[in-house]
Each structure stands twice: as structure tokens, then as C-alpha cells.
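J.: Compute the structure for the input listed below.
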Amino acid sequence: MSNEAVTASTATAAGTAEAGPAPEPIPHGLGSSLPAADARAKTEGTFPYAADLWAEGLLWAAVLRAPHAHARITSIDTTHARAMPGVRAVVTHEDVPGSALYGRGKADRPVFASDVVRHHGEPIAAVAADHPDTARMAAAAVIVEYEVLDPVTDPEQAFEAEPLHPDGNLIRHIPLRHGDPEAAGEVVVEGLYRIGRQDPAPIGAEAGLAVPRPDGGVELYLASTDPHADRDTAAACYGLEPERVKIVVTGVPGATADREDQSFQLPLGLLALKTGCPVKLTATREESFLGHAHRHPTLLRYRHHADAEGRLVKVEAQILLDSGAYADTSSEALAAAVAFACGPYVVPNAFIEGWAVRTNNPPSGHVRGEGAMQVCAAYEAQMDKLAKKLGVDPAELRLRNVMATGDVLPTGQTVTCPAPVAELLQAVRDFPLPALPKDTPEEEWLLPGGPEGAGEPGAVRRGVGYGLGMVHMLGAEGADEVSTATVKVQDGVATVLCAAVETGQGFTTLARQIVQDVLGVDEVHVAPVDTDQPPAGAGCRGRHTWVSGGAVERAAKMVRTQLLQPLAHKFGMSTELLQIADGKITSYDGVLSTTVVEALEGKELWATAQCRPHPTEPLDGAGQGDAFVGMAFCAIRAVVDVDIELGSVRVVELAVAQDVGRVLNPAQLAARIEAGVTQGVGIALTENLRTPRGVIRHPDLTGYSLPTALDAPDIRIVKLVEERDVVAPFGAKAVSAVPVVASPAAVASAVRAATGRPVNRLPIRPQAAVVTAQ
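T.: The predicted structure is shown next:
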């Protein structure tokens, strides 16, 4: 044995004797809980967000927003604002050089209101000044004269009201017809349901920095979730070619909906172009509430028919979405609502009418689980009513009706993906119930209302309820879902370039895991996102796990082939006979064995690939069509305690079973489910943006009640069904949205069980949970 070997052996033995247990290995590849690369910086508060950015010669922006929900603008006078010291520019509709209209689904929304105000908070003018206070004072100094008009705030009135927009009040109507209209059941239950207006309420309010370019263009530093679409919209409004507008994505401080609404972005770039200076905007919490889109408030009427055994015969429903002043993503939300109006149940006959209409309420748009969440609350309430009328256990009634792979949606689309709904429901039903709270002073904090609440233990009733939810993944109805990614490897370090924005869903961590898995490289970096990269699309509905993750995997496999081909050729074998595992390259027969680091030495390899799932089609005139790429399912059992005298509710526990396809990162997956469930608790109990006569009341986090850590219940993930979707990369499914869809329905179901009250409105108001003495 050589001296070197002796030295190494001695050192190893000594280290083992002195150091104790070896450190845990760093997680690696798919299936591991690889931590996020930016976790430390975010924890320490050093991670840069748009609000932290700075540039030499910086100016500050402020936006003047309309104080009325509906008004005619008779004049706009910017003279006083322009004359204020420190003010560098004031822009209105007259200063928009390109398209005056924009919109995500349809260009129907003005950059600045010119003749009519259609919602509270609509932008009228924007100011750039050398100090943020000066900018705000100058914005307030813009004199606007209004002729106040009566607002249309009831979506049912929108059908008969005078047109609020040149395109009319009806944005979309979907009449779904499936089966026999004459079918009828022996048992019929009906219900009217209302879902409130949830605000995404990101903890980090909107902010951005615009920097003019030497070529007459502009760079926008934003927390955009769809940078290429935002770039194209901005270029059209600025009258520039898309190549002269660049969006650089900064850190995203929370995104359960679209980030950095374009009513913030567009004035910012205009001011930078007008002044020739960098301009920064940091929204106040009030401006954030006024500026971005909210969840669609929804009115739902349902009639369920069932036979004597409780099997569904027919579902009839009318669904009315309040889109607010502009279309935004209302068409997509309505399609999801109508398609999933019957839930994950087998319904041979369904007749659904869905409408999305304009009102003078604040605009509605994409919020996680849009459309599907609203109808879930209604169809699950109907299932509870049906179970009560038949005298059947609510879980058993659901089990008699749940769908499975091969069943047909009311849209006529066959469910080809895994749909283990029965398995999910059985898992939560059979999970042990939490213990009842003890009636002692030490346990008072367990009472609804908390330790300072006025409740009495004798007035508390416990209830158990269920919610089954489903969502579609990716875009729908013919949307072209495509993403592009590049993987480069040099000096043993891999870099991923992909314009998929990390919104908190974990894409950057997933991309690192994919490359680690395919190439056996430990050190993987994900480059910052900007619009110089090929587009990857919006960060919603599990898109980036599917299409962007798929593109990264394909690019990494192409690099893998480049790496293995010379070795395979040298040893006279095909690359399929070589494998990469644990940082080593080996052949099937053991003849070849080398490390990935050695094989990469002196090489620079790269490849670019795209991922595009199979096409979908729009719903036809009868609401029929293969509109969705795939679906995901979730079952939740809620346990609540209700003070039936005060109407206060405490969510004790939520047991979750979810169809995930494949667990790619256990820690991230659990975090996404827990976050979605908690967001759903907010929808069920506290979150409702009140808008009397169209005006947002209390646009702050005091008046708008978000659930906090003290409100979060015990969340038990009791089962994750890993039945891989064969058409999805890795077989994985989206996980964030479906718990948001199912948890409000489960909480409402549990409150019904505790109180015997119908609970037809979300969020649940205290009076709806009060039981009066008979």
C-alpha cells in the first residue's frame, strides 16, 4: 500500500472518530427536496425585488386614479401639476403614441381613461418627479371634472342596462348542452349561491423601474409573470417595435394571480420615454388594491336531479360571472366554470348556461383556480343537500357518483388522464378525526374566536364536511402552449436559460433538479429571465412544470447525447447502452466507467429545445369540445368548530388527498398544497373585497382580512396519488390550484354539518352560522 493511501486511510479513520455522524448528503435530482437557490437570500432579506432597484438620475412616478365607479370626464387640466417644482412630466391619454387600448384576452381597456370612467381606480394621468412625495402631490394637483353617472354594479342588471363599453355588456355566453333535456330524477334539490370578490393581495405590492434605451426604446424591470405578452402589449401602446422594448423580470414577491397589472407598467414606460430618465413606481397598498384584477364574484343557480339511490341523473345550472369593467381573462374563467360545473362526478345529462358580463365594479381577472373554485362551492353544497334529503352519508353519496379515467365530461371530452377521485375521497374519509377540545380554561384558545373571544364552550358544535375539486392544466380552447429552454454546460457547471418566471411555484428548483437528473451535474444555475430569451408563456395552471420543465428536459437530453456520443463511439456502442447516475457514466457491461466531470473536461456543450403539448379546441355552440390538455383532482375533509350563538368558526383540521402524478420535490409540493389550502380558508371565512356602488371600501390589509398563521388550521396531507400522466413530462401534475378550489367548499360543508344551516354564500358571514333557539 502506498504512503498516499496510508495517509488517506488514516485521515479518514481519524475524521470518523472525531467528527461523529457524517453530514447528510445534499438533495440531488428529481424526487428529492432540493432547496431553492434563493432561499437564504430571501430569508435574510437580501433578495432584490423591483422595489429595491435604483438607477442614476432616478425619477419617481405616481398615478392619478378615478374616485368614481362610473363617470363622464368633462375636462382634464394638468397645468398646476406641470408647474410644480420638481415635476418632470405629466402624461394623459393624449400622450399615448401607440394603441390606446390593451387587454389580456381582448384589447378593450384604455391606458388612461379619456372620456368615460368605468371603474373605481381607473388611471387618468401619471406624473414623474424628482421625489415620490412630489409625484403624489402633483398627481393630486391634476384637476379632473366629472359628470358622475349611476354605476351598474349588479351583474344581473347588466343584461338590461345601457352599454357600459363600445363592445357591449356581454363578454361571453356559453350554453352547454349534454344528454337528454327531458331527463328527470326522483329527487331534486335546488340552490342559489354567491361567491365574493377575493383579492390576490400579494404581500409585496406592485413596483417597477423603467429605463430609457439609447435606441429610443425602453427597458422595464418588473415582477411580470408573462414577460413576453407584457412586452408586446407595452410595445403596441408605446408605438415601438417589440425588439425596442425589453422586460427584465425581477424577484416576484408572491403571485397567486397575474403580477404587475399593466395599469402599473404602461404609465411607467411612457414616463421614461417622455423624460429620457429612469422612472420608478412603488405602489401603496391602496394603489395595489385599486390597480390589479380580482377573483370573479359569481352568482350560481343549481338544480340537481338524482335517482332514489342518490346517483345523479341531471344537473341544470346558471352561472353569472361579474367581470367588472373589462374583459381581461373572463372568457377563460367562464369556460372553466361551465366545463367543471358538475364537478368530478358522472353526470349523464347536463344543461349549463354561463355568462360573463361587464359592470362598473373593479376588473376581475386571473386568480388561482378561477372559474373552477366558484362552481365547486356550489356543486358541493348541492351534494350536501342531496345527501340530507336522501338520508345518506355525504361521503358515501359522493362515492356513488365520482368519475374515473374513461368517463366523459359534460363538454363531451373523455377524461384520459388519471382520475383517482374515489381513492382520494376514501383516503380523507378514513383518516382519523382530530380529538375534541377539552372544556378547561387552559384550552380556551381552541374555541372559535380565540383566547379573547366571547364564546362559551357549550355553544360550540363540531362539523365534518367534504370538498372534491378539479382544475384543468395549462391553457385551454386552442391556446398554443409552448415553451423554449436552453441548457449549457461548461467546466462542469450547467446553466439553464428559460423565460419561465419563478413566481413561488418552484420552477427554478425544478429546472436544476431536471438537469441534475439527466446530466449528473451537481452545480446548476438558472439564468435571470428577460425578453431577449425565447418566450415561455404565463406562469399559471402548472404551465411551467409541464411545458417549461419539458423543454428543459429535452434540451438536457440533447446535451446528454452530445456528451455520451464520443464515449459510445470510442467503445463501439450506442449511447442507449450508457447511463449517468451518481455523477458517473457507466456502460451496461461495466467496460466503461468514468465521472461526468472527467467527461466534460474542456468541453462546452449546449442545446435548445421546445415543448408543446397536444392541441386542444374551443368549445362549440353547445359547449362541446376537447378543450383541456389535462386535469388534476383533490379531496379535502374539513373539521370545524362553530359557536352557534356568535357564528364564529374555527377550522380545526383539513385533511388533503391529492392526485399529483409524480412527486418531483416533496418539500415544495407540501408547501404548495398547504399554501393553496390556506388561501382557500381565506375565501371561505374572511376574504371579501367590499365594493358598495362599485367603490372599493377599505383598500388595505386592515379592512381586507387575510388569514394569518393564527388562522391556519392543521393541514394533514394524508395521501398523494402518484399515478403518472403519460402525456405529461415526468408524469407530474399541477398542485397549487386544486387545493384552493376544494378547501372553501369543504369548510362550507363542515359548517353546514355543524349548524344545519344552508350556507349559500362565501365568505361565510357570522349570521349564516348562527343557530337560533327553537
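J.: Could you pull out the buried residues of the longest helix along the chain?
T.: Longest helix in the chain by number of residues (criterion: DSSP state H): helix 549-570. By neighbour count on 16 or more other CB atoms under 10 Å, the buried set for helix 549-570 is 549-560, 563-564, 567-568. The way it works is simple: take the backbone N, C-alpha and C, and place the C-beta from them, glycine included.
J.: Mind picking the one among the residues you listed that's closest to Ala748?
T.: Each of these was checked against Ala748 using CB to CB; the closest is Gly549, at 34.5 Å.
J.: Correct me if wrong: that closest one contacts Phe507.
T.: Yes - with contact defined as CB atoms under 8 Å, Gly549 counts as touching Phe507 (7.3 Å).
J.: Below-threshold pLDDT in the stretch 1-150 of the chain: ranges please.
T.: 1-26 (pLDDT under 70).
J.: Now do the helices in it.
T.: Assigned by DSSP state H, counting those that start in this stretch, the stretch 1-150 of the chain shows helices spanning 3-19, 39-44, 79-83, 132-141.
J.: For Gly391, see how far away the closest residue to Gly455 other than its chain neighbours is.
T.: Counting by CB to CB, 6 or more residues apart in numbering, Gly455 lies nearest to Asp643, which is 4.2 Å off, once chain neighbours are set aside. Separation of Asp643 from Gly391 (CB to CB, to the nearest Å): 28 Å.
J.: quick one, which of those two is more surrounded?
T.: Asp643 (26 against 8; other CB atoms under 10 Å).
J.: hmm, who's touching the helix or strand where Asp232 lies?
T.: With secondary structure defined by DSSP states H and E, Asp232 is part of helix 227-238. Outside of helix 227-238, the residues within contact range by CB atoms under 8 Å, 6 or more residues apart in numbering are 96-100, 102, 104, 111, 218, 220, 222, 224, 241-242, 244-247, 249, 260, 262, 265-266, 269-270, 273, 499, 501, 529-531, 535-538.
J.: Mind listing what's buried along that helix?
T.: Across helix 227-238, burial judged by 16+ other CB under 10 Å covers Pro227, His228, Ala229, Asp230, Arg231, Asp232, Thr233, Ala234, Ala235, Ala236, Cys237, Tyr238.
J.: any low-confidence regions in this protein?
T.: For the chain, the stretches flagged by pLDDT under 70 are 1-26, 257-260, 437-445, 450-454, 773-774.
J.: Closest to the centroid, which residue in it?
T.: The residue lying closest to the centre of the chain (CA atoms, centre = their mean) is Arg368, at 3.4 Å.
J.: Make sure that one is actually in contact with Ala737.
T.: Yes - if you go by CB under 8 Å, Arg368 and Ala737 touch, sitting 4.9 Å apart.
J.: what are the ranges of the strands in the stretch 101-250 of the chain?
T.: 101-102, 109-110, 116-117, 123-129, 143-148, 170-178, 187-195, 207-212, 218-222, 245-249 (DSSP state E, counting those that start in this stretch).
J.: which of those strands is buried the deepest?
T.: strand 123-129 (a mean of 27; mean count of other CB atoms under 10 Å).
J.: partner residues bridging Ala62?
T.: With beta bridges defined as DSSP bridges, Ala62 has these partners: Val127.
J.: who's in contact with it?
T.: Applying CB under 8 Å, 6+ apart to Ala62 gives the contacts Ala126, Val127, Ala129, Pro132, Ala135, Arg136, Ala138, Ala139, Leu281.
J.: if I look at it, how far off is Ala335?
T.: Relative to Ala335, and taking CB to CB, Ala62 is found at 38 Å.
J.: repeat for Asp643
T.: Distance of Asp643 to Ala335, given as CB to CB: 40 Å.
J.: how about the helices in the stretch 651-774 of the chain?
T.: Ranges of helices in the stretch 651-774 of the chain, per DSSP H, counting those that start in this stretch, are 666-685, 737-755.
J.: quick one, the longest one and helix 737-755 angle?
T.: In terms of direction (axes from the mean of the first three to the mean of the last three CA atoms, to 10 degrees), helix 666-685 departs from helix 737-755 by 50 degrees.
J.: could you dump helix 666-685 to PDB, C-alpha only?
T.: This file holds the C-alpha atoms of helix 666-685, laid out as PDB (Å, rounded to 0.1, in the frame of the first residue of the first chain):
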ATOM      1  CA  PRO A 666     -41.600  16.600  -1.700                       C
ATOM      2  CA  ALA A 667     -40.900  19.700   0.300                       C
ATOM      3  CA  GLN A 668     -42.000  22.100  -2.400                       C
ATOM      4  CA  LEU A 669     -45.100  20.000  -3.100                       C
ATOM      5  CA  ALA A 670     -46.200  20.000   0.500                       C
ATOM      6  CA  ALA A 671     -45.600  23.800   0.700                       C
ATOM      7  CA  ARG A 672     -47.700  24.400  -2.400                       C
ATOM      8  CA  ILE A 673     -50.600  22.300  -1.100                       C
ATOM      9  CA  GLU A 674     -50.500  23.900   2.300                       C
ATOM     10  CA  ALA A 675     -50.400  27.400   0.800                       C
ATOM     11  CA  GLY A 676     -53.400  26.600  -1.500                       C
ATOM     12  CA  VAL A 677     -55.400  25.200   1.300                       C
ATOM     13  CA  THR A 678     -54.800  28.300   3.500                       C
ATOM     14  CA  GLN A 679     -55.800  30.600   0.600                       C
ATOM     15  CA  GLY A 680     -59.000  28.600   0.400                       C
ATOM     16  CA  VAL A 681     -59.700  29.100   4.100                       C
ATOM     17  CA  GLY A 682     -59.500  32.800   3.400                       C
ATOM     18  CA  ILE A 683     -62.000  32.500   0.600                       C
ATOM     19  CA  ALA A 684     -64.300  30.500   2.900                       C
ATOM     20  CA  LEU A 685     -64.200  32.700   6.000                       C
END
